[in-house]
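Participant: Sequence first, predicted model second:
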Amino acid sequence: MALTNAIVAPRYGAALFEITAAEGTTQEVQSEFHALDQVFNDNPGLMAALIGPELKLNLKQEIVGELTTGASPVVARLVQMTFNYGRIAALPAIVADFDERISADAGQITGTVTTAVPLSGAQADKLAAAVARRLGVEHAELNNVVDASVIGGVRVQAANYVIDGTVQHRIDQIRAELLTH
């Protein structure tokens, strides 16, 4: 079974967070990874070059070496390890998971709330407070996405949880129940 980025990222992200928390280098490592992310964003073909068959392995290794020049040992090791294991494409997902762990450790989560119509400021604040309580954190930052196909209700995706209270979800459940009987 091939492991996807969604499976791999939390494993690497957790290990990275544990190591940096123990060393007291979480913020520095986070800054380094954001700088590395920016390099990939500024050079859209870079990731494709590292994972594609066009370049020889030794040339790809030189690029990885350049990317990690001046990096802290933990950042350099993680980038090299993901490259060696053929998981360099998972690096953005690993960094995102690492960021989520830092936020959760600080009592904050980010997520998305999907509704059929835009939420008012008061509704958004009330929902964010309810989600924070439910997930046991101090603060939840929720981005509102409007999607008329949910018909009504809300779907919250935050901290690897999905709370789906949409009308469309309920219709799908009823449809599935009717089809199984």
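Facilitator: Structure's in. What do you need?
Participant: what about the strands in the protein?
Facilitator: With DSSP state E, the ranges of strands along the chain come out as 108-115, 139-146, 154-158, 161-164.
Participant: Including mean neighbour count, mean pLDDT and distance to T180, could those go into a markdown table?
Facilitator: Using the backbone N, CA and C atoms, a C-beta is placed for each residue, glycine as well. Below are these laid out as a markdown table (neighbours: other CB atoms under 10 Å; pLDDT from 0 to 100; distance: least, CB to CB, whole Å):
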| stretch | mean neighbour count | mean pLDDT | distance to T180 |
| --- | --- | --- | --- |
| strand 108-115 | 19 | 93 | 27 |
| strand 139-146 | 16 | 94 | 31 |
| strand 154-158 | 20 | 93 | 23 |
| strand 161-164 | 14 | 91 | 19 |
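Participant: Output the ones you listed as JSON lines; include the columns distance to L78.
Facilitator: JSON lines is the format used below for those (distance: least, CB to CB, whole Å):
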{"stretch": "strand 108-115", "distance to L78": "22"}
{"stretch": "strand 139-146", "distance to L78": "26"}
{"stretch": "strand 154-158", "distance to L78": "25"}
{"stretch": "strand 161-164", "distance to L78": "26"}
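Participant: What are the buried residues along the longest helix belonging to the chain?
Facilitator: Longest helix in the chain, counting residues (DSSP state H): helix 5-23. Buried residues in helix 5-23, counted by 16 or more other CB atoms under 10 Å: 5, 8-10, 12-13, 16-17, 20.
Participant: Between the strands of the chain, which one is closest to P92.
Facilitator: strand 108-115 (15.8 Å; CB to CB).
Participant: partners of the closest one, with directions?
Facilitator: Counting by DSSP bridges, the strands paired with strand 108-115 are strand 139-146 (parallel), strand 154-158 (antiparallel).
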